[in-house]
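1. Build me a model:
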Amino acid sequence: MKFRLNYTPSELIQKVVAEQLNRMGVSFSFNELGQLVLDGKISGDIMAQITERLRKLGITLSEAGMNSIVGDIKNAIEELVYSEDIRKTTISVYLSNKLGYSYSYLSNLFSEETYTSIENFIILRKIEYTKRLILEEDMSLTEIAYKLDYSSVAHLSGQFKKVTGLTPTTFLRILQRRKTKNT
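-> Below is the predicted model:
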């Protein structure tokens, strides 16, 4: 029997981190940006144990700073793409309100650090989510386009092809062929 896994990455990471820290008896919380906040003074030995436990699970910690703002932008974009609120707000207003910086500052910082624009990153995340919806959900392209706030199926299909080199229909056909060969 085969199962697809459905998850929201930021929530999953927080649950895994919380489980590990609870096992160690470390007091912590997550702030409104989803950043881990360790309560009280943490010894170097305990910090090394935390780092090692999380590293074994493919999770690394980095201190808040300029790079963390870029990480916060990515997390906020991911949250927005996976939420129903995507149709209710503009990206610039959402990011400015969520992160407390002007959009122009966030946009410039993001571009300097990642060599791509926030808008391009959003397109990439939306196409990844589209692939996931095609794979895991029984949704039409019209429903997916609406869910991800595309103006039309043609707009979604055009961006999908630009990013993947395939139309969504071709992508689905390839997946169905693979599925038939594997069964």
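
2. what does the helix or strand harbouring residue 11 contact?
-> Under the criterion of DSSP states H and E, residue 11 resides in helix 9-24. Counting by CB atoms under 8 Å, 6 or more residues apart in numbering, helix 9-24 makes contact with 28, 30, 34, 36, 46, 49-50, 53-54, 57, 59, 75, 78-79, all of which sit outside it. No exception for glycine: its C-beta is placed from N, CA and C like everyone else's.

3. May I ask you to name the longest helix in the protein?
-> helix 118-136 (DSSP state H).

4. got the CA positions of the helix or strand that it is followed by in PDB?
-> Once helix 118-136 ends, the next helix or strand along the chain (criterion: DSSP H and E) is helix 141-147. The C-alpha trace of helix 141-147 is given here as PDB (Å, rounded to 0.1, in the frame of the first residue of the first chain):
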ATOM      1  CA  LEU A 141      -6.400  23.000 -13.100                       C
ATOM      2  CA  THR A 142      -9.200  25.500 -12.800                       C
ATOM      3  CA  GLU A 143      -9.500  24.800  -9.100                       C
ATOM      4  CA  ILE A 144      -5.700  24.900  -8.600                       C
ATOM      5  CA  ALA A 145      -5.500  28.200 -10.600                       C
ATOM      6  CA  TYR A 146      -8.200  29.700  -8.300                       C
ATOM      7  CA  LYS A 147      -6.600  28.300  -5.100                       C
END
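
5. helices and strands around helix 141-147, which ones?
-> Other elements packing on helix 141-147 under the criterion 3 or more CB pairs under 8 Å, 6 or more residues apart in numbering; DSSP states H and E are helix 118-136, helix 153-164.

6. Show me which positions of the last one end up buried.
-> Neighbour counts over helix 153-164 (16 or more other CB atoms under 10 Å) mark 153, 156, 157, 159, 160, 163 as buried.

7. residue contacts, residue 70?
-> Applying CB under 8 Å, 6+ apart, the residues near residue 70 are 109, 110, 113, 114.

8. circling back: so which of the helices and strands packed on helix 141-147 gets nearest residue 147?
-> Checking the helices and strands packed on helix 141-147 against residue 147 by CB to CB gives helix 118-136 as the closest, at 7.3 Å.
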